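Build me a model from this:
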Amino acid sequence: MAVGSVKTYNAKVKGMSQDDVRRRLLFWAACIPTRLLIGVVATTLTFLLPQNKFIQIPLGLTALAVAASWIYQIYNRKPRGVFGGIVWWNQYRYLHFLTWGIAGILALLSVRGSGTPLLIDAIIGISVGLLHYYGRVS
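The predicted model follows:
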């Protein structure tokens with residue numbers, strides 16, 4: 001990384017604690033790529049093999065379990081996220097619940113493309129992350 005790049009990066013994160021910088025980095029380097037990978041793989045497999053029970057049933061059960069975990073977090077108002085920071089995305093947990101729940105139900109019904117809601121969830125995450133981190137919208 002060039003010296004100018006370091007200065008530019010430091011200027012962008014000025015005023016942020018090291019933990020905030022680490023959480024932002026983890027969001028973009030771990031959370032979003034993982035969600036995109038899950039969304040792309042689930043969407044691709046469910047379009048190519050819509051009647052394959054060895055794909056649809058595990059996907060459906062896993063997605064419903066994740067949806068249930070979102071409901072738990074919504075009703076228990078967990079103030080901290082996975083990376084330890086304040087949960088700025090709390091109001092979006094309902095969307096997580098809906099996208100994962102819909103994907104789970106569609107997968108158990110062996111609907112072609114049932115993984116698509118998980119890809120939509122990743123796109124929503126990218127959009128909300130851009131608004132939060134760069135648009136200064138909470």
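
Surely Gln56 and Gly115 touch.
No. Using Cβ atoms under 8 Å, Gln56 is not in contact with Gly115; the gap is 9.4 Å. All C-beta atoms are positioned from the backbone trio N, CA, C, and that covers glycine.

Which one's more surrounded, those two?
Gly115 (27 against 22; other Cβ atoms under 10 Å).

Touching both of Gln56 and Gly115, which residues are there?
Overlap of the contact sets of Gln56 and Gly115 (by Cβ atoms under 8 Å, 6 or more residues apart in numbering) consists of Thr46, Ala107.

and the spatially closest residue to Phe47 that is not a sequence neighbour, how many neighbours?
Spatial nearest neighbour of Phe47, excluding adjacent residues (Cβ to Cβ, 6 or more residues apart in numbering): Gly113 at 4.9 Å. Residues lying near Gly113 (other Cβ under 10 Å) number 18.

Contact partners for Gly113?
Thr43, Thr46, Phe47, Pro50, Leu106.

Flag the shaky bits of the protein, pLDDT-wise.
Applying pLDDT under 70 to the chain flags residues 1-15, 138.

Just the C-alpha atoms of the top helix by length along the chain, please, in PDB.
Longest helix in the chain, counting residues (DSSP state H): helix 53-76. Extracted C-alpha coordinates of helix 53-76, given in PDB (Å, rounded to 0.1, in the frame of the first residue of the first chain):
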ATOM      1  CA  LYS A  53     -34.100 -33.500  -1.700                       C
ATOM      2  CA  PHE A  54     -30.400 -33.800  -0.600                       C
ATOM      3  CA  ILE A  55     -30.100 -30.100  -1.400                       C
ATOM      4  CA  GLN A  56     -33.600 -28.700  -0.600                       C
ATOM      5  CA  ILE A  57     -34.200 -30.400   2.800                       C
ATOM      6  CA  PRO A  58     -30.900 -29.400   4.400                       C
ATOM      7  CA  LEU A  59     -31.200 -25.900   2.900                       C
ATOM      8  CA  GLY A  60     -34.700 -25.600   4.200                       C
ATOM      9  CA  LEU A  61     -34.000 -26.800   7.700                       C
ATOM     10  CA  THR A  62     -30.900 -24.700   8.000                       C
ATOM     11  CA  ALA A  63     -32.600 -21.600   6.700                       C
ATOM     12  CA  LEU A  64     -35.500 -22.000   9.100                       C
ATOM     13  CA  ALA A  65     -33.000 -22.500  12.000                       C
ATOM     14  CA  VAL A  66     -31.300 -19.300  11.000                       C
ATOM     15  CA  ALA A  67     -34.700 -17.500  10.800                       C
ATOM     16  CA  ALA A  68     -35.500 -18.800  14.300                       C
ATOM     17  CA  SER A  69     -32.200 -17.400  15.600                       C
ATOM     18  CA  TRP A  70     -33.200 -14.000  14.100                       C
ATOM     19  CA  ILE A  71     -36.500 -14.100  15.900                       C
ATOM     20  CA  TYR A  72     -34.700 -14.900  19.100                       C
ATOM     21  CA  GLN A  73     -32.400 -11.900  18.700                       C
ATOM     22  CA  ILE A  74     -35.300  -9.600  17.700                       C
ATOM     23  CA  TYR A  75     -37.300 -10.500  20.900                       C
ATOM     24  CA  ASN A  76     -34.300 -10.500  23.200                       C
END
